[in-house]
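[1] coordinates only, no sequence provided:
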Ligand code: CP
């Protein structure tokens, strides 16, 4: 495969191969000295049209650990600000002989568009409301690390499902691994048609918490809600915010996850976010391992990971 565009198009064997490779990569990442020459001479370009802390930095770190050269294009200071199109920007990067382009863009389908026109590999780092495959892979890796085989496990994803590429990628990946997924949110943010993804959909969080192995809170994407938020932040927090009290309803020590960045006090209380139940920082660490695995699998060729 040349590109990673989404989990919808990925089969279960490939997901397993990525998770297995990420396990090796995490071993390398946790070493005191973690620089390898594996991808020496390869170049990775980060092209982010939307803000990012975790994804952009972890791709950069992942490439560096493997010995590749990385360049991050600051879109606001680039010729994009003079009106240059994604097509011409991408062709320009290709002319500099990049091996891999990591794209984040507000338009669904932009990563696929780029993959079609470039000889270089493309990894989708989030395209509009469509997919965020590397986030879902790191989420699945983190769940497996904590819970073992995920088949038959119950994962509740709560929040702004409508705008969430994280939710969509997780649904595709988790369903392929035999996980029972429930999407929860207010009717405005979790419309009935999203139940068509082969998952349970409800507006009542408290009713689906009993038996949940994982509860994942999504960020309220206020920047994508053009007509204002309904319900209000206060109502939302009351009905859907993860608090210690509410999590007792799971009846077990469920794993709590959040892709970040968090709106503390809205989707998740400080107490929960900072508790041992929450794997939010572990998700970030695992994000580097997953991205190392993907970069290696796409442009590593026959290079051995130096153990
Ligand atoms: N989870 C995630 O995509 O975070 P960033 O926007 O900081 O990359």
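    Everything's here; your move. In this text, all values refer to a predicted model and were calculated from it rather than measured experimentally.
[2] any low-confidence regions in the protein?
    224-230, 306-307 (pLDDT under 70).
[3] residues of it that sit close to the ligand?
    Counting by Cβ under 6 Å from any ligand atom, the chain comes close to the ligand at 52-55, 126, 135, 259-261. Placement of C-beta: from N, CA and C, glycine included.
[4] same thing but at 8 Å, please
    Residues of the chain lying close to the ligand by Cβ under 8 Å from any ligand atom are 50-58, 104, 125-126, 132, 135, 166, 219, 259-261, 287.
[5] domains of this structure?
    12-131+285-299, 133-283 (automatic domain parsing).
[6] tell me the contacts of residue 23?
    141, 289 (Cβ atoms under 8 Å, 6 or more residues apart in numbering).
[7] please redo it, this time with the cut-off set to 10 Å
    Contact partners of residue 23, counting by Cβ atoms under 10 Å, 6 or more residues apart in numbering, are 141, 144-145, 286, 289, 293.
[8] over to residue 134?
    The contact partners of residue 134, by Cβ under 10 Å, 6+ apart, come to 4, 7, 18, 54-55, 58-59, 62, 102, 123-126, 169, 287, 290-291, 293-294.
[9] returning to that earlier point: give me the buried entries from the residues of the chain next to the ligand.
    Among these, the ones that count as buried by 16 or more other Cβ atoms under 10 Å are 52, 54-58, 104, 125-126, 132, 135, 166, 219, 259-260, 287.
[10] could you pull out the strands for the stretch 101-250 of the chain?
    Along the stretch 101-250 of the chain, the segments classed as strands by DSSP state E, counting those that start in this stretch run 121-127, 154-158, 180-184, 200-202, 214-217.
[11] now the residue lying closest to residue 305 once chain neighbours are set aside: how far from residue 75?
    The shortest distance from residue 305 to any non-neighbouring residue, by Cβ to Cβ, 6 or more residues apart in numbering, is to residue 38 (5.6 Å). Distance, residue 38 to residue 75, by Cβ to Cβ, to the nearest Å: 29 Å.
[12] and residue 27, helix, strand or coil?
    Secondary structure, DSSP: H, G, I helix; E, B strand; the rest coil: residue 27 is helix.
[13] touching, it and residue 65? I think so.
    No - with contact defined as Cβ atoms under 10 Å, residue 27 does not reach residue 65; the gap is 11.7 Å.
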